[in-house]
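Peer 1: Just need the structure, nothing else, for what follows:
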Amino acid sequence: MTTLVDAYPSRITTEPAVIERFEPVIHHPDGTASPGPASHDALVEYERDGYMVMESLFTQSEIDAYLGELAALARDPEVRRRPEAVVEPNSDALRSLFAVHRDNPLFHELSRDPRLVDIARQLLGSDVYVHQSRVNLKPGLTGQPFFWHSDFETWHTEDGMPRMRAVSASVVLTDNTEFNGPLMLIPGSHRWFVSCVGETPERNYEMSLKAQQIGTPDPANLEWLVAQGGIVAPKARRGSVIFFECNTMHASGVNLAPAPRSNAFFVYNSVDNQIGGPFAAPAPRPEYLASRDTITTLR
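Peer 2: Alright, predicted model coming up:
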């Protein structure tokens, strides 16, 4: 059996480090650009900054339907008791619900929508599958923050994703404003991998999905990344989609607005980037957090 070399070691040393990314941001099979709906300018922005905003990909009536479904899920006490559900740290309000592409017909169809999938295939240069999905509800006035992190750091250490060949699509269900704890990103941070300290506890996901502590960047390297690229918080209107690279450092603050800040979130991974055993965790995370179903590709 071939042992895969850990190209991005993390959580195994006592000192943090920064490792320069050695692989492409946009993957071009056979040296040619993949066709797709994203424009040349959008691809340049994505490659440079690690994210791009596609305005008005979905109609207002479509967004109304998704919000109605989301509200029904949030009201259902049975839903909040599922293993896939994460509630707010200080209440039983639904914070996130995972595996919606698997368990909910409406969000299943959304995960396969060509407006998302075709862009994912264009960026990753291959067929794709859903590595993870969830809906996020950041309740008004009480929605708590998500600290700075790279998703790839977690997917690598805890899920066994070998390479940076995945993209997240955040479908904006409510306007992202400066007041409601919007997504914040550090442009250009996707070109550097921050190796974190601290061993991964058993079943770390049970705590990290509420308040992540392991797998977050140290202050000095976070300050360095911000000095290079600054911080942005796109003011995206509902119906827009924020695509961001799997290694882009991001966070969100407390929601101080009365209304929730909600989104549907789909992670598309290349079929050529199959996950294996975790690189720095006692055991793989559950299937609802890291799907290994690469057979169900989204063409």
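Peer 1: how close does the residue most central in space within the chain sit to residue 218?
Peer 2: The residue at the geometric middle of the chain, judged as the C-alpha nearest the mean C-alpha position with CA atoms, centre = their mean, is residue 168 (4.7 Å). Going from residue 168 to residue 218 by CB to CB, to the nearest Å gives 23 Å. Glycine gets a C-beta too; all of them are placed from N, C-alpha and C.
Peer 1: ok, now residue 271?
Peer 2: With the distance defined as CB to CB, residue 271 ends up 34 Å from residue 218.
Peer 1: Kindly report the same for residue 175.
Peer 2: The span separating residue 175 from residue 218 equals 33 Å under the rule CB to CB.
Peer 1: what about stretch 221-228, distance to the chain center?
Peer 2: Between the centre of stretch 221-228 and the centre of its host chain there is 21 Å, according to CA atoms, centre = their mean, to the nearest Å.
Peer 1: Could I get the buried residue list for that stretch?
Peer 2: Of the residues in stretch 221-228, 221, 222, 225 count as buried by neighbour count, 16 or more other CB atoms under 10 Å.
Peer 1: Send me stretch 64-71 as CSV with only the CA atoms.
Peer 2: Output in CSV follows, covering the C-alpha atoms of stretch 64-71 (Å, rounded to 0.1, in the frame of the first residue of the first chain):
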residue,chain,number,x,y,z
ASP,A,64,-37.9,32.6,-0.9
ALA,A,65,-38.4,28.8,-1.3
TYR,A,66,-35.0,28.1,0.3
LEU,A,67,-35.7,30.4,3.2
GLY,A,68,-39.1,28.8,3.8
GLU,A,69,-37.5,25.4,3.9
LEU,A,70,-34.8,26.7,6.2
ALA,A,71,-37.4,28.2,8.6
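Peer 1: List the buried residues in it.
Peer 2: Within stretch 64-71, the residues that count as buried by 16+ other CB under 10 Å are 66, 67, 69, 70.
Peer 1: got a list of contacts for whichever strand or helix holds residue 64?
Peer 2: If you go by DSSP states H and E, residue 64 is part of helix 60-75. Here helix 60-75 makes contact (CB atoms under 8 Å, 6 or more residues apart in numbering) with 79, 93-94, 97, 104, 106-107, 110, 135, 137, 171, 173-174, 238-239, 262, 264.
Peer 1: again, only this time at 7 Å
Peer 2: Where contact means CB atoms under 7 Å, 6 or more residues apart in numbering, the residues beyond helix 60-75 that reach it are 79, 94, 97, 104, 106, 110, 135, 137, 173, 238-239, 262, 264.
Peer 1: and the two most separated of the residues you listed?
Peer 2: Spanning the widest gap among the contacts of helix 60-75 are 79 and 239, at 24.8 Å by CB to CB.
Peer 1: Can you report how many residues lie near residue 23?
Peer 2: Residue crowding around residue 23 was assessed by other CB atoms under 10 Å; the count is 10.
Peer 1: Then residue 146?
Peer 2: Look at residue 146: counted by other CB under 10 Å, it has 21 neighbours.
Peer 1: Right, I'll call it a day here.
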